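Enquirer: no sequence for this one, just the structure:
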């Protein structure tokens, strides 16, 4: 991590000039010099000798030799340029001890050198010398370092990467105690504490920083991020707006605000905020990707597609852009094109996992069932921690492909590997219901409820199954559904189950209350079928037909919609409303 310090220097051309083009003559010169002992030279010749050997060694890539000679030269000759050069070489070869010695000489010789004090401060922390680090920081404060914020942020990045959590926090606690009036130091401490998950410490230090610099946009942004983590979206938004007002040209604040608006569902607001950011910096890739994602959510597929395609040349955004382009093509009903994009995502981690799943889904849509299942089987091998999720996902895709029996068999095989896994049991129970294996469904859900007696989804599923298939057990069904509703008062699926139960118990007026509420929350075809039937039976036929028409429009092949069409043919006028 010593190379992190190189942001303070330009080391790329360390030996790019001076003795360029050294060849056999240079090699001979080095051999001749190496045969000379510095102890045999006088006070005038010795420094020249050390410098020449150091430079030639550097030109030949022998950086350890170069460092050894420059370190000795730095001790012998108290010269700023020599001390700086020795520090550069030590940092380059990651020798912290020699870098610190040289940096200390450099900062002593040039009291006004900001780079010297910056580097020395971080190296003192690395050496565990807080007194030395504090002295170097004090010099930066006295010199009014114009880049103090970034210097301290770079320092805490190093602390974050190199020191254990508690040790790093203790270092910053000590430094802020020594320099309590430096807002930037409190902010840096807050940043480290936030990264380390010490949120109360972060909030406390941030409050101190903002008390000294009330309109500081960078601190306001961090405060907003902490508030978002705590779920306080209202105050987070207020602080982001304060940050933008305080520093209107701050593209980072504008970007963060746009991302915040998108996350909280204000897509139009996000579009406006991100567009303003891009008016200031049209090439800011983070803002371009965020805006394209907003357009995707808004349904502006053409605009989103064009922007994602423009980001394919950016190595950082290429995987995410390929994935997003795959989603667009899938939504447009172009599974072949979607598959090509998903197959180009090779970023590793969660994104590649999602891409592989979506690729399998695209293959299912293309009718390439065997290939899709082969890919999902490979994914289970490659992502063993996600094996259960992948079994459930494959089952869902098989159901979508109208292969319910295969999905049931797959989950049954999976349960041989994990017999008590509740996600597998619940998923198989739903398929067992569709296939008429009601005893299997009840048995699976009973195991789920033995493990979690208050699981609302399992309570509702078992209760609804009893309503549909076990009319002699309606009282038991009611108990299960009411227990589910106690856990989720506004769940449309549970409200639908209760309404359907009441209808089966010849209480249609009471049933309508729950079914109407369920349909308002989630106008899904199954609920539409139930609500429409109760309305029709109650004599509210026009309203019932309207609800059924809405359900048919969404999914005419849904099982419940097919049932009501067969049961009430007059309502559908020969097959269509």
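Expert: Happy to help now that I have it. Just so it is clear, the structure is predicted and the values come from calculations on it, not from any experiment.

Enquirer: drop to CA atoms for contacts and neighbour counts, all remaining ones
Expert: Fine.

Enquirer: low-scoring pLDDT stretches of this structure, where are they?
Expert: Filtered on pLDDT under 70, the chain yields the residue ranges 1-44, 47, 574-577.

Enquirer: what about the helices in the stretch 451-577 of the chain?
Expert: 456-469, 474-487, 492-504, 508-521, 525-537, 541-554, 559-567, 569-572 (DSSP state H, counting those that start in this stretch).

Enquirer: Give the other helices and strands that the fourth one contacts.
Expert: Contact partners of helix 508-521 among helices and strands, from 3 or more CA pairs under 8 Å, 6 or more residues apart in numbering; DSSP states H and E: helix 492-504, helix 525-537.

Enquirer: If we go by neighbour counts, what in stretch 376-383 is buried?
Expert: Within stretch 376-383, the residues scored as buried using 16 or more other CA atoms under 10 Å are 376-377, 379-380.

Enquirer: Show me what the helix ranked longest in the chain is packed up against.
Expert: Ranked by number of residues, the top helix in the chain under DSSP state H is helix 349-365. In terms of contacts (3+ CA pairs under 8 Å, 6+ apart), helix 349-365 is packed against helix 318-331, helix 335-342, helix 369-382.

Enquirer: can you tell which of those is closest to residue 151?
Expert: helix 318-331 (31.3 Å; CA to CA).

Enquirer: roughly how far is that closest one from the heart of the chain?
Expert: In terms of CA atoms, centre = their mean, to the nearest Å, the centre of helix 318-331 is found 17 Å from the chain centre.

Enquirer: Could you do stretch 272-291 as well?
Expert: With CA atoms, centre = their mean, you get 19 Å for stretch 272-291.

Enquirer: what number of residues lie near residue 232?
Expert: Close neighbours of residue 232, defined as other CA atoms under 10 Å, add up to 13.

Enquirer: again with the one 4 residues further on
Expert: By the other CA under 10 Å criterion, the neighbourhood of residue 236 contains 24 residues.

Enquirer: Would you tell me what the next helix or strand after the helix or strand where it lies is?
Expert: Taking DSSP states H and E as the definition, residue 236 sits inside helix 233-246. Downstream of helix 233-246, the next assigned helix or strand under DSSP H and E is helix 251-263.

Enquirer: Not counting its neighbours along the chain, what's nearest residue 130?
Expert: Excluding its sequence neighbours, the residue lying closest to residue 130 (CA to CA, 6 or more residues apart in numbering) is residue 124, at 6.6 Å.

Enquirer: for the one you found, what are its contacts?
Expert: Residues near residue 124 by CA atoms under 8 Å, 6 or more residues apart in numbering: 100, 130, 132-133.

Enquirer: Which of those residues fall within helices?
Expert: Per DSSP H, the subset of the contacts of residue 124 in helices is 100, 130, 132-133.

Enquirer: now these in JSON lines, with distance to residue 241?
Expert: What follows is these, written out as JSON lines (distance: CA to CA, whole Å):
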{"residue": "100", "distance to residue 241": "43"}
{"residue": "130", "distance to residue 241": "38"}
{"residue": "132", "distance to residue 241": "40"}
{"residue": "133", "distance to residue 241": "36"}
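
Enquirer: Tell me which two in those are the farthest apart.
Expert: Within the ones in helices among the contacts of residue 124, 100 and 130 form the most distant pair, 13.3 Å apart (CA to CA).

Enquirer: Those two: which is more packed in?
Expert: residue 100 (23 against 18).

Enquirer: With adjacent residues omitted, what lies nearest to that one?
Expert: For residue 100, the closest residue by CA to CA, 6+ apart turns out to be residue 123, at 5.7 Å.

Enquirer: Report the distance from the strand or helix carrying that neighbour to the chain centre.
Expert: Assessed by DSSP H and E, residue 123 sits inside helix 114-126. Its chain's average C-alpha position is 33 Å from that of helix 114-126, according to CA atoms, centre = their mean.

Enquirer: just stretch 321-339 next, same as before
Expert: The chain centroid and the centroid of stretch 321-339 are separated by 22 Å, computed with CA atoms, centre = their mean.

Enquirer: and residue 325, how many neighbours?
Expert: Residue 325, neighbours per other CA under 10 Å, totals 26.

Enquirer: what do you get for residue 161?
Expert: Neighbour count for residue 161, taken as other CA under 10 Å: 11.

Enquirer: gap between it and residue 174?
Expert: The gap separating residue 161 from residue 174 is 19 Å, by CA to CA, to the nearest Å.

Enquirer: buried ones in stretch 490-510?
Expert: Result for stretch 490-510 [16+ other CA under 10 Å]: buried residues 491-503, 508.

Enquirer: about what we covered before: buried stuff in the longest helix of the chain?
Expert: Across helix 349-365, burial judged by 16+ other CA under 10 Å covers 351-353, 355-365.

Enquirer: Dump the residues you listed to a markdown table, plus distance to residue 439.
Expert: Formatted as a markdown table, the buried residues of helix 349-365 follow (distance: CA to CA, whole Å):
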| residue | distance to residue 439 |
| --- | --- |
| 351 | 39 |
| 352 | 39 |
| 353 | 35 |
| 355 | 37 |
| 356 | 35 |
| 357 | 32 |
| 358 | 34 |
| 359 | 35 |
| 360 | 32 |
| 361 | 31 |
| 362 | 34 |
| 363 | 34 |
| 364 | 30 |
| 365 | 32 |
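
Enquirer: what helix or strand is residue 51 on?
Expert: Assessed by DSSP H and E, residue 51 sits inside helix 45-59.

Enquirer: how much distance is there from that helix to the middle of the chain?
Expert: 50 Å.

Enquirer: Then stretch 530-542?
Expert: Stretch 530-542 sits 47 Å away from the centroid of its parent chain (CA atoms, centre = their mean).

Enquirer: Contacts for that stretch, please.
Expert: The contact list for stretch 530-542 (CA under 8 Å, 6+ apart) reads 496, 500, 503, 508-509, 511-512, 515-516, 519, 543-548, 560, 564.

Enquirer: And it, what's buried?
Expert: The neighbour-count check on stretch 530-542 (16+ other CA under 10 Å) flags 530-536, 541 as buried.

Enquirer: With distance to residue 571 as extra columns, can I get the residues you listed in JSON lines?
Expert: What follows is those, written out as JSON lines (distance: CA to CA, whole Å):
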{"residue": "530", "distance to residue 571": "14"}
{"residue": "531", "distance to residue 571": "14"}
{"residue": "532", "distance to residue 571": "10"}
{"residue": "533", "distance to residue 571": "10"}
{"residue": "534", "distance to residue 571": "13"}
{"residue": "535", "distance to residue 571": "12"}
{"residue": "536", "distance to residue 571": "9"}
{"residue": "541", "distance to residue 571": "8"}
